[in-house]
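Visitor: Sequence and computational prediction follow.
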Amino acid sequence: MIEKQNMPSFGDNASDRSDKRKVRRFGAQHLFSHRPPYDPVFAERVPLLQAFSLALGNYRTRLGLPAGRWAALRSVLRRRAPFMAAECGVFSGSSLLACASIARDQGVDFRFIGLDTFDGLPDLSEIDKQFAPPQASYRHRRLFTETSLEGVCQMLSAHGFSREIQLRKGLFKESIPSLEDVKYHFVNIDCDLYEPHIECLEYFYPRMIPGGIVFFDDYHSVEYPMAREAINVFMRDKPEQLQHLRFGADGPNITKAFFVKY
């Protein structure tokens, strides 16, 4: 088990802010504070936090009951209907940890499923090769291998999330069929490639609760244009419209997209 004091900083006290100022470039493996004010270095992650907070707000509204004598009943309903979320593409778990921390701060009973190979990107399909930029490094080598199921489990456990978060290892076509058939309030799809986007959308879209949010990390990605193609293909006959979020100045993969399920 990783000792908590050996983990990267995750908070907003003075030492945390000092540590974050030392980070010169964004890194998806770096932990970041889920509380404002946000460090501009992590601008790419802020839209996710905002979309997740919106999904939590929609969840609270959906469970809302009149005050007073209904307070006890409201408490019972919340215990019976936890906020259900999933992340497709966990990598090092930094985004998963930030979202879970927001839910905990708000006192929400939640469950999170994290799906990943925990072994890097899968092999490129023919359609991925069609859309991948000619100079893309992932054409020639496997990316995002600097993670492991054991390492992410230890990190989440060190922050007190052993009960609320479950991780599933494998390709989505292997791990998704093993999921319990439940409804979801939030899904973060961050899987870069074409077919994984389609697999996740085909599974989660019909299982989204009205008001639930599906967030796309790679819709505006320059490095992974196949993500946008897959999302557009899936959404072309759906009633929902994509919304777009950005924190600070625009840049490659800074603007993110999401939709609210009708």
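Guide: Ah, there it is.

Visitor: just the helices in the protein please.
Guide: Assigned by DSSP state H, the helices in the chain fall at 14-21, 46-62, 71-80, 94-105, 126-131, 149-158, 172-175, 194-204, 225-235.

Visitor: how about these, which one is nearest Tyr219?
Guide: helix 225-235 (5.3 Å; C-beta to C-beta). C-betas here are computed from N, CA, C, even on glycine.

Visitor: Pipe the helices of the chain into TSV and attach mean neighbour count per row.
Guide: Output for the helices of the chain, formatted as TSV (neighbours: other C-beta atoms under 10 Å):
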stretch	mean neighbour count
helix 14-21	13
helix 46-62	20
helix 71-80	11
helix 94-105	21
helix 126-131	15
helix 149-158	18
helix 172-175	17
helix 194-204	21
helix 225-235	19
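
Visitor: which strand in this protein runs the most residues?
Guide: strand 208-216 (DSSP state E).

Visitor: coming back round to it: quick one, which of the helices of the chain is nearest to His30?
Guide: helix 94-105 (6.3 Å).

Visitor: and the residue lying closest to Asp119 once chain neighbours are set aside, how many neighbours?
Guide: Spatial nearest neighbour of Asp119, excluding adjacent residues (C-beta to C-beta, 6 or more residues apart in numbering): Thr145 at 6.5 Å. Neighbour count for Thr145, taken as other C-beta atoms under 10 Å: 12.

Visitor: how close does Tyr194 get to Asp123?
Guide: 12 Å (C-beta to C-beta, to the nearest Å).

Visitor: residue contacts, the residue nearest the centre of the chain?
Guide: For the chain, Asn188 is the residue whose C-alpha lies nearest the centre (C-alpha atoms, centre = their mean; 3.7 Å). Contacts for Asn188 were tallied using C-beta atoms under 8 Å, 6 or more residues apart in numbering; they are Leu48, Phe52, Ala85, Ala86, Glu87, Cys88, Gly89, Ser95, Cys99, Phe215, Asp217.

Visitor: try 7 Å
Guide: Applying C-beta atoms under 7 Å, 6 or more residues apart in numbering to Asn188 gives the contacts Leu48, Glu87, Cys88, Ser95, Phe215, Asp217.

Visitor: who are the neighbours in contact with Ala136?
Guide: The neighbourhood of Ala136, defined by C-beta under 7 Å, 6+ apart, consists of Glu223.

Visitor: and the gap between Glu199 and Gly170?
Guide: Applying C-beta to C-beta to Glu199 and Gly170 gives a distance of 12 Å.

Visitor: where does Glu229 sit relative to Arg236, distance-wise?
Guide: Per C-beta to C-beta, Glu229 is found 11 Å from Arg236.
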